[in-house]
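Give me coordinates for this.
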Amino acid sequence: MSTKTVSKSDAPIIEDRQQLLEVFSKGEKPQDKWLIGTEHEKFVYCRTDLHAPSYDEPGGIRDLLNALTEFGWEPIEENGKVIAMQGADGTVSLEPAGQLELSGAALDNLHETCAETGRHLQQVKAIGEKTGKGFLGLGMWPDKRRDELPIMPKGRYKIMLDYMPKKGNLGLDMMLRTCTIQTNLDYSSEADMARKFRVGLALQPLATALFANSPFTEGKPNGFLSFRSHIWSDTDPDRTGMLPFVFEDGFGYERYADYALDVPMYFAYRGGEYLDASGLSFRDFLNGELPILPGEKPTIDDWNDHLSTIFPEVRLKSFLEMRGADGGPWNRICAMPALWVGLLYDQTALDAAWDIVKSWSIEEREDLRNSVPKLGLKAPLPSGRTLGDIAGEVLDIATAGLSARARLNGSGDNESGFLDPLREIVATGKTPAESLLERYHGAWNGDVSRVYEEESF
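Next up, the predicted model:
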C-alpha cells in the first residue's frame, strides 16, 4: 500500500473536474519513455520460533528498517516512527502486519528490474542473518491466525482495520495475511490506456493461476490454490472486482473518474494525521461538504490518496497497475512484470492478446475470475477450453512482445528468458500451489512448517 513521502501543503485545490482527469492524462508518455515499476511483498518471521515480529521488539520490524541505512536507504517517519525507507531502488515500506514491500523504481527494462529485486533481497537477507529473521515468499501466511499478527504504526491502517469488517468478511485477512507481486506500466494515450486496461483485466485470472501460491490457512490446506485471490471477493465490493464498465464503448478517463468518485473514502490527511473519513463521499468533498472538514475542498494529493484506496484487479492512477499475482520467489517476481510487459508494451502482442479475450462476455469474465482461486489453470473458459489451454499461447505472445522490444543485457539476451518459470508451470500444468500441496501430502507428511525451509528467500 502507498507510503506518503511528501508534504501536502502546496498541493493545488481541485476547482474543476478537469483536474481529476489530468492525473490520468498527465501519465501519458511516448512509447520510448515507457518504464516498468515492480512491487513485491514478503513475510518476515523469526527463525527461532517462526513468529511474526512486532514493530517494537528487539530485532523487530523497526530495527529491520533502520538497518537498511547501511545500504544507503533513508528513513520516512510518521509521528516519530520509521514506517518506510527510500533510496535509489524505490521505497521499502510496511504492510499492515509487518509484511515488507519493495516498491521499486521506474526502470527501462526487465534486466534492471530483476537486478533491483536481487539487490533488495540480498540486503534484507544480510540484515536477517544478523537479526535472526527470515523472509517467506508466499501469497498468504501458511500458519498464522489473525490474532497472532502484529499491527504496524501507520495511521491509515487503523482506519482501514476498523472499516474493513463493515464491508466484508475477509478484509482483515487481506490486510494482515497476504502478500502480492504487482507491476506498474505506462500508456501513450487514453485509447492505449483503455486497450491495455481491457487486456490486463481480462487476462488477470491467468496471472492469478500462474502465480497461485496460497493453498494453506492456519497450517492446513484451505481448498484453494490462491486463497489470496479469493479473499478479494469478500473484502469490499465498493472498491474491488473486474469492473465491467471498462469493456463498454467509450471507456476512458472520465468513466474511471466517475467510478472512483463513487467509491467511499477511507481518510483525509491533514497536518501529518489521518482523519477518519471511512464511508464518506469524495463527491461531497469536492463540494466542500465533507463532514469532517466542513467548507474545505480537496487537493490533488487528496485525489491521489483516494485513488490509492481502490483495489480492482487492474487499477488506474497515472499508470496502470496489474494486481492479480500471489507473492513468490525471486524468479517469479521477475516473471510477473515480464508477462505484462511482453503482452502490453508491443502493439502486435497487445492486439494478439485482445483477439483472445475480446469475445468474452461480462458474465464469462466474472465466472472465470470466481473460478480461478480454486481451479487455477483448470478454470473453464467460455469456449469450453481451460485457462491452461490458452496459457501457452499467451506466453508465446508475451515472448514475441519481449523479443520485439529488443532490450538486451550484456550477454546479448533479450528479456524473454524471464518468462521461463511460467513456461515450466504451463508445461507441467501444475501451479505453484499444487506443487506445495503435493509436498504437504507427501514429503512434508502434513507439516506445513516445512514451507519455511523450502520457500524462504
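
okay, CA-based contacts and neighbour counts for the rest of this
Will do.

Residue 325 belongs to a strand?
Yes - under DSSP: H, G, I helix; E, B strand; the rest coil, residue 325 sits within a strand.

residue contacts, it?
Taking CA atoms under 8 Å, 6 or more residues apart in numbering as the criterion, residue 325 is in contact with 180-182, 207-208, 210-212, 229, 336.

Now it. Nearest residue, chain neighbours left out?
Excluding the flanking residues, the one nearest residue 325 by CA to CA, 6 or more residues apart in numbering is residue 208, at 5.0 Å.

Now the one you found. Its backbone dihedrals?
Torsion angles at residue 208 (phi, psi; degrees, to the nearest 10) stand at phi -60, psi -40.

which residues touch residue 134?
Residues in contact with residue 134 (CA under 8 Å, 6+ apart) are 44-47, 125, 128, 456-457.

Closest one of those to residue 82?
Set against residue 82, the nearest of the contacts of residue 134 by CA to CA is residue 44 (16.9 Å).

Can you name the residues bridging to the closest one?
Beta-bridge partners of residue 44, counted by DSSP bridges, are residue 135.

Hmm, residue 97 and it touching each other?
No - using CA atoms under 8 Å, residue 44 is not in contact with residue 97; the gap is 9.5 Å.

what's the closest non-adjacent residue to residue 92?
residue 102 (4.6 Å).

ok now do residue 304, which residues does it touch?
Residues in contact with residue 304 (CA under 8 Å, 6+ apart) are 23, 317.

Helix or strand for it, just tell me which one.
Following DSSP states H and E, one finds residue 304 within helix 300-307.

all helices for the stretch 51-200 of the chain, in order.
For the stretch 51-200 of the chain, the helices defined by DSSP state H, counting those that start in this stretch cover 61-67, 110-131, 155-163, 171-177, 190-202.

Between those helices, which one is closest to residue 380.
Once the helices of the stretch 51-200 of the chain are compared by CA to CA, helix 190-202 is nearest, at 13.8 Å.

For the closest one, the averaged confidence score.
Regarding helix 190-202, the rounded mean pLDDT is 98.

which strands and helices sit next to that helix?
For helix 190-202, the packing partners by 3 or more CA pairs under 8 Å, 6 or more residues apart in numbering; DSSP states H and E come out as strand 314-316, strand 320-326, helix 347-357.

Please identify the buried residues of the last one?
Going by neighbour count (16 or more other CA atoms under 10 Å), the buried part of helix 347-357 is 349-354, 357.

May I see the residues you listed arranged in CSV, with pLDDT as well?
Converted to CSV, these look like this (pLDDT from 0 to 100):
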residue, pLDDT
349, 98
350, 98
351, 98
352, 98
353, 98
354, 98
357, 97
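
Can you tell me which of those is nearest residue 74?
The nearest member of those to residue 74, counting by CA to CA, is residue 350 at 38.9 Å.

Tell me the pLDDT of residue 383.
The model's pLDDT for residue 383 equals 83.

ok, now which ones touch it?
No contacts exist for residue 383 under CA under 8 Å, 6+ apart.

any idea how far it is from residue 247?
Distance of residue 383 to residue 247, given as CA to CA, to the nearest Å: 19 Å.

what's the distance between residue 39 and residue 336?
Distance, residue 39 to residue 336, using CA to CA: 10 Å.

Mutual contacts of those two, please.
Residues touching both residue 39 and residue 336 (CA under 8 Å, 6+ apart): 181-183.

Residue 30 - nearest residue in space that isn't next to it in sequence?
Spatial nearest neighbour of residue 30, chain neighbours left out: residue 188 (5.3 Å); criterion: CA to CA, 6+ apart.

quick one: residue 155 and residue 118, what's the gap?
Look at residue 155 and residue 118: by CA to CA, they are 31 Å apart.

sorry, back to before: and the residue nearest to residue 325, what does it touch?
Residue 208 touches 226, 229, 324-326, 372-373, 376, counting by CA under 8 Å, 6+ apart.

which one in those residues is the model shakiest on?
residue 324 (95).

neighbours around that residue, how many?
28 (other CA atoms under 10 Å).

follow-up on the earlier one: Serialize the helices of the stretch 51-200 of the chain to JSON lines and add fields for distance to residue 436 and mean neighbour count.
Converted to JSON lines, those look like this (distance: least, CA to CA, whole Å; neighbours: other CA atoms under 10 Å):
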{"stretch": "helix 61-67", "distance to residue 436": "28", "mean neighbour count": "21"}
{"stretch": "helix 110-131", "distance to residue 436": "22", "mean neighbour count": "17"}
{"stretch": "helix 155-163", "distance to residue 436": "30", "mean neighbour count": "17"}
{"stretch": "helix 171-177", "distance to residue 436": "18", "mean neighbour count": "22"}
{"stretch": "helix 190-202", "distance to residue 436": "27", "mean neighbour count": "22"}
